[in-house]
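> next comes the sequence, and after it the predicted model I'd like to discuss.
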Amino acid sequence: MWSLGRATAGARARYREETRRERRDPAPSRLSYKMERLRLTPGFRLGLRVGLPFVLAFTAVTVWLSDADRRAAIVQGYEKMRASVEERPEFMVAMMSVEGASAPVAAAIRSMMPVDLPVSSFRLDLPAMRAAIEQIDAVANADLVIRKGGVLEVRVVERQPAILWRSATGREMLDATGHRVATLIDRAARPDLPVIAGQGADDHVAEALAVFAATGPLGPRVRGLVWIGERRWDVVLDRGQRILLPEGDPVPALQRVIALDSAQDMMARDLTIVDMRNAARPTVRLGAGASEFLTSQVTGVSVP
């Protein structure tokens, strides 16, 4: 009886197990379905392949670099490696050559060298050096090139003085654009430069040069131009004579004076001022001797 009961119980257990297997749903669960869909998403797969390794590597590097001694060692190693490359003989600049500059300008350029030679070419900021050199008044343009053999070549184009401006602070040499070139201590050093004077005259150098070029036969007698009222020129001649030019078109007015002088020898007479400010009515001012003579002729009184 006992054996029969055990057999019956075993049969019942096997029956229940087979029944449970038959009733199991073959479809996946909701969670497993969502996980499978997530694994098939391109963004999720990219994150697993790229994003996760990057985050892990970044975290590891950050933790490793959090030590100040390690960071200092890395910086020191980098500086040593950089110095070993920069200080190689083929990268060293040992000489400076200045071409196209006068002795004073060349000396000023050499004094502006930011470091002492020899120095690595990697430590030379050529654009900054060029900008600094072009700040010199006498320098119009500069070009810096490192030549073979460790030579820093500086090619300079200097400004050429075209006129002398007599200002309240002294005598300044200007180029044709009105840019300052240098201060002139001794006028005798540059007697070839025409002279202008007056506040603001340096802003009208081109017009002044045109007036000087139009003086023609009066040129040897011209002592200079004076900028009057910041609007017009006076031509100053020897013997105390002046030609007052108009604000606009001063050259044609001066050419009329030259034509009158050529025809009637006007400027050789006893005149102090020839006023051409009004083109329709030029006027002259007589000298003291001519005025007395004219007065005596009008009044009939002889001049002693």
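Happy to help now that I have it. Numbering: from 1, shown residues only.

> got the phi/psi numbers for V61?
phi -70, psi -40 (degrees, to the nearest 10).

> check it and give its pLDDT.
Listed pLDDT for V61 reads 87.

> now E172: how far from R71?
For E172, the distance to R71 equals 57 Å [Cβ to Cβ, to the nearest Å]. Where you see a C-beta, it was placed from the backbone N, CA and C, and this is true even at glycine.

> show me the shaky parts of the protein.
Applying pLDDT under 70 to the chain picks out residues 1-11, 13, 15-28, 85-86, 288-304.

> show me where it has strands.
Counting by DSSP state E, the chain has strands at residues 92-93, 95-99, 119-120, 139-147, 151-158, 163-167, 170-174, 180-183, 195-197, 222-228, 232-237, 242-244, 271-275, 283-286.

> would CSV of those with distance to G51 be doable?
Formatted as CSV, the strands of the chain follow (distance: least, Cβ to Cβ, whole Å):
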stretch, distance to G51
strand 92-93, 48
strand 95-99, 55
strand 119-120, 43
strand 139-147, 47
strand 151-158, 51
strand 163-167, 72
strand 170-174, 68
strand 180-183, 64
strand 195-197, 75
strand 222-228, 75
strand 232-237, 78
strand 242-244, 86
strand 271-275, 90
strand 283-286, 93
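
> turn the ones you listed into CSV, including distance to D67 and mean neighbour count.
Listed next are these as CSV, based on distance: least, Cβ to Cβ, whole Å; neighbours: other Cβ atoms under 10 Å:
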stretch, distance to D67, mean neighbour count
strand 92-93, 36, 18
strand 95-99, 45, 14
strand 119-120, 32, 17
strand 139-147, 41, 15
strand 151-158, 43, 17
strand 163-167, 66, 20
strand 170-174, 63, 18
strand 180-183, 59, 16
strand 195-197, 72, 21
strand 222-228, 73, 20
strand 232-237, 77, 20
strand 242-244, 85, 22
strand 271-275, 89, 18
strand 283-286, 93, 14
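
> any idea which of these gets closest to L46?
Of all the strands of the chain, strand 119-120 sits nearest to L46, with 45.8 Å by Cβ to Cβ.

> residues in contact with V257?
Applying Cβ atoms under 8 Å, 6 or more residues apart in numbering to V257 gives the contacts L218, I243, M266, M267, V274, M276.

> excluding chain neighbours, what is closest to the fifth one?
Counting by Cβ to Cβ, 6 or more residues apart in numbering, the nearest residue to V274 once its immediate chain neighbours are dropped is I243, at 4.8 Å.

> same question for the third one.
What sits nearest to M266 in space, not counting adjacent residues and going by Cβ to Cβ, 6+ apart, is L260, at 4.8 Å.

> the last one too?
In space, not counting the residues next to it along the chain, M276 is nearest to A253; the distance is 4.1 Å by Cβ to Cβ, 6+ apart.

> that concludes my questions; thank you for your assistance.
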